[in-house]
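Peer 1: Just a sequence and a predicted model for now, questions to come.
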Amino acid sequence: MPHVVIEEALDLPVASQSIKLTAVRNGSEILRIVDVYLDRSGHTALVDCVVVEAGRSQPFFVQLSQKDRQITVRLLPATDPEKTVGVKRIMGLIAKQLHESIGGSRFGKTNLQEFLHESRSAG
């Protein structure tokens, strides 16, 4: 299962506000962040996403979970999209936005390393 752990991340409610509602287009690929929903406890957020690749649209949620000093970025199992390159790219985009908004944080365990260093502009 694709995931990214952001270490030394203390405040999911504040960090989740840094996620930009955006659409990124690269040829026929479209990555869209639709909205962010934070639960009442402030320990979990869902990022509503849509990826369009090869004319096929996949709506799904990325789950952000706060535990101690870490935020884990992973797919919400209930929506379980096909783990395409576009799905991994949008997860990398979300993780990068969180990391950049949290001073002193760093990437921990991940199997999405190559998607954390792509230079794509959102907008």
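Peer 2: Here it is on my side, so go on.

Peer 1: going forward, measure contacts between C-alpha atoms and count neighbours the same way
Peer 2: Noted.

Peer 1: quick check: longest strand of this structure.
Peer 2: strand 56-67 (DSSP state E).

Peer 1: could you point out which element follows that one?
Peer 2: From strand 56-67 onward toward the C-terminus, using DSSP states H and E, the following helix or strand is strand 70-75.

Peer 1: ok, residues contacting that next one?
Peer 2: Residues outside strand 70-75 that contact it (Cα atoms under 8 Å, 6 or more residues apart in numbering): 1-10, 12, 60-66, 91, 95.

Peer 1: worst-scoring helix or strand of this protein, pLDDT-wise?
Peer 2: Here the helix or strand of the chain ranked lowest by mean pLDDT, DSSP states H and E is strand 23-26, holding a mean of 93.

Peer 1: where do the helices sit along the protein?
Peer 2: For the chain, the helices defined by DSSP state H occupy 12-16, 85-101.

Peer 1: With mean pLDDT as new columns, can those helices be given to me in CSV?
Peer 2: As requested, these are exported to CSV (pLDDT from 0 to 100):
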stretch, mean pLDDT
helix 12-16, 95
helix 85-101, 96
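
Peer 1: Find the one among the ones you listed with the highest mean neighbour count.
Peer 2: helix 85-101 (a mean of 21; mean count of other Cα atoms under 10 Å).

Peer 1: how far is that one from where the chain is centred?
Peer 2: Offset of helix 85-101 from its chain centre (Cα atoms, centre = their mean, to the nearest Å): 4 Å.

Peer 1: C-alpha coordinates for it, PDB please?
Peer 2: Extracted C-alpha coordinates of helix 85-101, given in PDB (Å, rounded to 0.1, in the frame of the first residue of the first chain):
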ATOM      1  CA  VAL A  85       1.300   6.500 -11.400                       C
ATOM      2  CA  GLY A  86      -1.200   9.400 -11.200                       C
ATOM      3  CA  VAL A  87      -2.500   8.100  -7.800                       C
ATOM      4  CA  LYS A  88       1.100   7.900  -6.500                       C
ATOM      5  CA  ARG A  89       1.900  11.400  -7.900                       C
ATOM      6  CA  ILE A  90      -1.100  13.000  -6.100                       C
ATOM      7  CA  MET A  91      -0.100  11.300  -2.800                       C
ATOM      8  CA  GLY A  92       3.500  12.700  -3.300                       C
ATOM      9  CA  LEU A  93       2.100  16.100  -4.000                       C
ATOM     10  CA  ILE A  94       0.000  16.100  -0.800                       C
ATOM     11  CA  ALA A  95       2.900  14.800   1.300                       C
ATOM     12  CA  LYS A  96       5.200  17.500  -0.100                       C
ATOM     13  CA  GLN A  97       2.700  20.300   0.700                       C
ATOM     14  CA  LEU A  98       2.400  19.000   4.200                       C
ATOM     15  CA  HIS A  99       6.100  18.700   4.700                       C
ATOM     16  CA  GLU A 100       6.800  22.200   3.300                       C
ATOM     17  CA  SER A 101       4.200  23.600   5.700                       C
END
